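In: fold the following.
(chains A and B, ligands or ions: 2)
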Amino acid sequence: MTLSYFIQQLLNGLSLGGAYALIAIGYTMVYGILRMINFAHGDVFMMSGYFMIYAITVMPWNIAIPAVIIGTILLGTLIERVAYKPLRSAPRMSVMISAIGVSYLLENLANYLFTAMPQSYPEISILKHVYTFGSITVSRVTLLAPILTIILTLVLVLLVNKTKLGMAMRACSKDQDTARIMGIKVDNIITITFVIGCTLAAIGSILYFTDRNTVQPYSGSLPGLKCFVAAVIGGIGNIPGAVLGGFIVGICQIVITATGYSVFSDAFTFVLLIIILFVKPSGFLGEKAIEKV
Amino acid sequence: MLEVKNLKINYGGIEAVRNVSFTVPNAKIVTLVGANGAGKSSILRSIIGLVKAADGSIHLDKRELIGLKTDEIVKHNITLVPEGRHVFPDQTVLENLKIGAYLRHDSLTEDLERVYRLFPRLKERSWQAAGTLSGGEQQMLAVGRALMASPEIIMMDEPSLGLAPIVVKEIFEIIKKINKQGTTVLLVEQNANMALRIADYGYVIENGEVTVHGTGEELLKNENVRKAYLGM
Ligand SMILES: Nc1ncnc2c1ncn2[C@@H]1O[C@H](COP(=O)(O)OP(=O)(O)OP(=O)(O)O)[C@@H](O)[C@H]1O
Ligand SMILES: [Mg+2]
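Out: Ligands and ions are numbered 1, 2, ... in the order given. Next up is the predicted model:
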């Protein structure tokens, strides 16, 4: 393995990891506030890919990007409203089963609307611009993905830790009834959480699909699962943890593929999950549950 | 003034509270005392909108509270210090106090000073995570957090629960002080002796019903109350 090949693969890994990180944040934030795994999140990410395919046919890319983000937010918050909110006082398992139902619904809907044939993802020229450094060639999106991910993560961490909204979000994730007594509109905070998760998933989908060229109805299922694993590895509920997990999963996947063991690259993610759950069940940055009652 | 009339609360068919009526006049301390499971917490939680009342009315200054959501109810200057304190454990003492003032947009400096004067220990620990405070300190924080909303009525659900006698005394002193400063207090307690001594008026709740009521002094002298709640 030459150095340039190594650097090339590392960049690819960072890029994929960045996209995974953005999706993983959605899992971790929703878990943080609702204590449920939003199994539909990966499929929302997939739908976001289709949104771009159709948006780009009727508008320039610089309008298509915000339009896709807004479309994804609308889809995600609609799901919350219709499939999760009515189950607010139901056992958590019911909400998760509802999420699995939504996941199947979206996959089948995509199958029905867009057919099972992979559709080619638009080439957004500004993202596809290729840089050459000696024997290394990278597209702009490959470089942009990890940088954008880090910036968005920093903004989000500041939002959660330093603003009044963030204070309310943290309060809701600990104790909804008490948050209500403080005057916090818990349902609004939950909606905002979904808005943030969907925004990042939409950005993640642009980064991910631009590098992968096609979208099909199951494009979200395995990446979704991997990002969920990333969130668990990092410590579910913890935002920097999800980002760390996303990068770990992304880089591992690329490294394993690059070394010629691509058949194992998917399985490896889950092996990693099992190892982490054994060694550090709360994940790398997860909170240890110290609860004083 | 808070007026509760014929309040009924059901949990899946089981009647936890039936036909409870009581009044909390302005600037007074009113207490609800009763044994475990009598329905005291349920009453407070339904006033603040966390539990749905099956029937009856809850009027705050002639405004019906039943049907309003908790975040709307607390806008009318009423708040609850929940049973078991429920401070936000990962957030600092100062952040907990700021969350208490979530609905306010004016300066908090004065109220923060007031809370720190009432509870000097909170000031020393303002950067400590609330979950690492002792039980008594957490109770003080829970009361302080409620005061940060500058409520006209403060409801407290068993503030003495699980605290050492000396801390209990301290808490009750502070409740009196808060009341002297003009805040109406609705106090739920199992420690009937302490509660009735500081209360202007008391109601004894048994199995979801008011059985006796009267001024604090009257109830302290009442033969049945003495037997059942004061262990005399
Ligand atoms: N969420 C609930 N679901 C079902 N039953 C409930 C619920 N909350 C309270 N109850 C029942 O309602 C009754 C009254 O409970 P409540 O908590 O109001 O009593 P309490 O007077 O506050 O008791 P304690 O002094 O032990 O706190 C109890 O029998 C309790 O089991
Ligand atoms: Mg109680």
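In: in chain A, where's the longest helix?
Out: Longest helix of chain A, by residue count under DSSP state H: helix A:3-34.
In: mind listing the strands for the chain?
Out: Using chain A. A:119-120, A:130-133, A:136-139, A:214-215 (DSSP state E).
In: wait, chain B
Out: B:2-11, B:14-24, B:29-33, B:55-60, B:63-64, B:78-81, B:153-157, B:184-189, B:201-206, B:209-215.
In: which strands or helices does the longest helix seen in chain B pack on?
Out: Criterion DSSP H: the longest helix present in chain B is helix B:165-180. Contacts defined by 3 or more CB pairs under 8 Å, 6 or more residues apart in numbering or on different chains; DSSP states H and E place helix B:165-180 against strand B:29-33, helix B:109-118, helix B:135-147, strand B:184-189, helix B:192-198. From N, CA and C alone the C-beta is placed, and that goes for glycine too.
In: tell me what the shortest one is packed against?
Out: Counting contacts by 3+ CB pairs under 8 Å, 6+ apart, the secondary-structure elements packed against strand B:29-33 are strand B:14-24, helix B:40-47, helix B:165-180, strand B:184-189, helix B:192-198, strand B:201-206.
In: any chance of those in CSV, with mean pLDDT, distance to residue A:94 and mean neighbour count too?
Out: Output for these, formatted as CSV (pLDDT from 0 to 100; distance: least, CB to CB, whole Å; neighbours: other CB atoms under 10 Å in any protein chain shown):
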stretch, mean pLDDT, distance to residue A:94, mean neighbour count
strand B:14-24, 95, 22, 18
helix B:40-47, 98, 23, 24
helix B:165-180, 95, 40, 16
strand B:184-189, 97, 33, 25
helix B:192-198, 94, 41, 21
strand B:201-206, 96, 34, 22
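In: tell me the predicted confidence for residue A:289.
Out: On pLDDT, residue A:289 comes in at 53.
In: also the one 3 residues further on?
Out: The predicted structure scores residue A:292 at 41 on the pLDDT scale.
In: could you do residue A:280 as well?
Out: In this model, residue A:280 is scored at 89, pLDDT.
In: that one: neighbour count?
Out: When neighbours are counted by other CB atoms under 10 Å in any protein chain shown, residue A:280 registers 13.
In: and residue A:221, what does it touch?
Out: A:42, A:43, A:46, A:103, A:107 (CB atoms under 8 Å, 6 or more residues apart in numbering or on different chains).
In: ok, it to ligand 2 distance?
Out: 46 Å (CB to the ion, to the nearest Å).
In: same deal with residue B:95?
Out: In terms of CB to the ion, residue B:95 sits 27 Å off from ligand 2.
In: now for the spatially most central residue of chain B: which residues touch it?
Out: Closest residue to the average C-alpha location of chain B: residue B:156 at 1.3 Å, with CA atoms, centre = their mean. Under the criterion of CB under 8 Å, 6+ apart, the contact list for residue B:156 reads B:80, B:81, B:143, B:146, B:175, B:185, B:186, B:187, B:188.
In: any idea how chain B splits into domains?
Out: B:2-77+B:151-229, B:84-148 (automatic domain parsing).
In: and the shortest one, how far apart are its ends?
Out: Translated: domain B:84-148. 19 Å (CA to CA, to the nearest Å).
In: nearest residue to residue A:17 other than its sequence neighbours?
Out: Nearest non-adjacent residue to residue A:17, counting by CB to CB, 6 or more residues apart in numbering or on different chains: residue A:250, 2.7 Å away.
In: remind me which residues of chain B are low pLDDT?
Out: B:232 (pLDDT under 70).
In: tell me which of the strands of chain B sits nearest to residue A:60.
Out: strand B:78-81 (52.3 Å; CB to CB).
In: name the helices or strands packed onto the closest one?
Out: Strand B:78-81 packs on helix B:40-47, helix B:135-147, strand B:153-157, going by 3+ CB pairs under 8 Å, 6+ apart.
In: neighbouring strands - and their directions - for that strand?
Out: Applying DSSP bridges, strand B:78-81 is found paired with strand B:153-157 (parallel).
In: picking up where we left off before, quick one: which of the helices and strands packed on helix B:165-180 is nearest residue B:168?
Out: Each of the helices and strands packed on helix B:165-180 has some distance to residue B:168 by CB to CB; the shortest is helix B:192-198, at 6.6 Å.
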